[in-house]
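any chance you could fold what I've pasted below:
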Amino acid sequence: MTSYEVMYLLAPNLEEEAYPAFQEKVTDLITAEGGQVEKVDTWGKRRLAYEIQKFREAFYTVVYFQGSAELVNELDRVLKINETVIRHLIVRHEEKVTVKPGRKVAAQNAQ
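Coordinates of the predicted model:
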């Protein structure tokens, strides 16, 4: 399974109970499709850099998870359909290269 993160922005005019409910809906979808939720980071309401769909604020949430490409496609489809989601972005994490101090990465040595 590949590591991903999804950030989604919800409309600020929802009731307070709707934010955790939607977060649970997203995590349930990930686990139902065979994925594994690693971490959920709720940022809360924040001011947007620019207006999106006539909103100046949004409720931010970031979910780190592992899953397949099919899971990402389904999550993307569900977030596009939902009207409370102002914007979303799904990003795949690359494996991190650990380098000891004083050593070069193998890719740099090849050049």
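
quick one, longest strand in the protein?
Scanning the chain for the longest strand, with DSSP state E as the assignment, gives strand 36-52.

now do that one: distance to the chain's middle.
9 Å (Cα atoms, centre = their mean, to the nearest Å).

helices and strands around that strand, which ones?
In this structure, strand 36-52 makes packing contacts with strand 2-10, helix 18-32, strand 55-67, judged by 3 or more Cβ pairs under 8 Å, 6 or more residues apart in numbering; DSSP states H and E. Where C-beta positions appear, they are placed from N, C-alpha and C, glycine not excepted.

helices or strands up against the first one?
Spelled out, that is strand 2-10. Secondary structure elements in contact with strand 2-10, counted by 3+ Cβ pairs under 8 Å, 6+ apart, are helix 18-32, strand 36-52, strand 55-67, helix 69-81, strand 85-92.

got the angle for the fourth one vs strand 2-10?
Going back to what we said before, that points to helix 69-81. For helix 69-81 and strand 2-10, the angle between their directions (axes from the mean of the first three to the mean of the last three Cα atoms, to 10 degrees) works out to 10 degrees.

then the shortest one?
Comparing the axes of strand 85-92 and strand 2-10 via the same axes, to 10 degrees yields an angle of 170 degrees.

mind listing what's buried in strand 85-92?
If you call a residue buried by 16 or more other Cβ atoms under 10 Å, then strand 85-92 has these buried ones: Val85, Ile86, His88, Ile90.

residues touching the last one, list them.
What it means is Ile90. With contacts defined as Cβ atoms under 8 Å, 6 or more residues apart in numbering, the neighbours of Ile90 are Tyr4, Glu5, Val6, Val72, Leu75, Asp76.

pLDDT at the last one, what is it?
In this case it means Asp76. Asp76 carries a pLDDT score of 96 in this model.

kindly report the same for the second one.
What the model reports as pLDDT for Glu5 is 94.

wait, it sits on His88?
No. In this structure, Glu5 sits apart from His88 without contact. The criterion is Cβ atoms under 8 Å, and the distance is 11.0 Å.
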